[in-house]
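In: Next input, structure requested:
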Amino acid sequence: MWTMKLFGTDVYHLVAAFLVYSILGWFVESVYMSFCNRKITNRGFAKGPFCPIYGVGAVCCYLIFSPLKGQYLKIYFLGALLATVFEYLVGRGMILLFGELWWDYKEKPFNFQGIICLESTVAWGFYALGIVHILHGWVYALIDSLDMGLGIIIVCVLLAVALVDYCIQLGKAFHVKERYRNFMSRR
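Out: Now for the predicted structure:
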């Protein structure tokens with residue numbers, strides 16, 4: 001399974017890159033927000049250092065834009081546009097699922113519904129350039145620095161830990177324990 005080709009690369013590299021970007025995205029955003037808030041801030045949904053939106057976004061960015069490598073303006077503008085659309089759809093989904101949005105751009109100029117703003121859109125374009133031209137090479141070099149057997153074990157452990165963490169947090173978000181108690185008390 002791990003060596004099966006998907007989108008021109010093997011599943012192992014895609015999943016490992018997803019994990020690296022998810023952790024790196026959590027780290028960068030948590031450091032940035034800690035600086036802005038002047039206190040330690042965990043920007044993830046779960047307790048652990050993991051933001052899958054960054055993993056999905058970065059891997060998709062590389063897969064979509066790597067054929068355009070060297071076409072800087074195309075990557076910048078398409079990256080800015082697609083990431084902004086992605087951020088908007090995730091934001092609307094969060095509002096529908098959880099009844100809240102975990103970020104708020106209402107105070108930013110040129111925002112739309114507090115979900116997206118021009119400042120972030122500009123940044124997404126630069127992130128797309130950075131992922132395609134710099135970061136992805138480093139991420140793959142990190143992945144390739146490990147023996148694949150050891151890498152698969154690390155990937156499986158990290159996925160399992162993240163899955164448990166997310167299940168617990170989703171249970172809390174959807175009040176599963178309370179609903180279960182209410183259901184059992186009606187029996």
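In: which residues sit in contact with Tyr62?
Out: Residues counted as contacts of Tyr62 (Cβ atoms under 8 Å, 6 or more residues apart in numbering) are Ala17, Ile131, Val132, His136. Every residue, glycine included, has its C-beta placed from N, CA and C.
In: which one among the residues you listed gets closest to Phe65?
Out: Set against Phe65, the nearest of the contacts of Tyr62 by Cβ to Cβ is Val132 (4.9 Å).
In: how near is that closest one to Ala58?
Out: Distance, Val132 to Ala58, by Cβ to Cβ, to the nearest Å: 10 Å.
In: looking at this structure, which helix or strand is least sure?
Out: helix 176-185 (a mean of 73; mean pLDDT, DSSP states H and E).
In: who's in contact with that one?
Out: Under the contact criterion Cβ under 8 Å, 6+ apart, helix 176-185 has outside partners Leu170, Gly171.
In: one step back: of the contacts of Tyr62, which pair is most distant in space?
Out: Taking Cβ to Cβ, no two of those sit farther apart than Ala17 and Val132, at 12.9 Å.
In: from the contacts of Tyr62, which ones fall inside helices?
Out: Ala17, His136 (DSSP state H).
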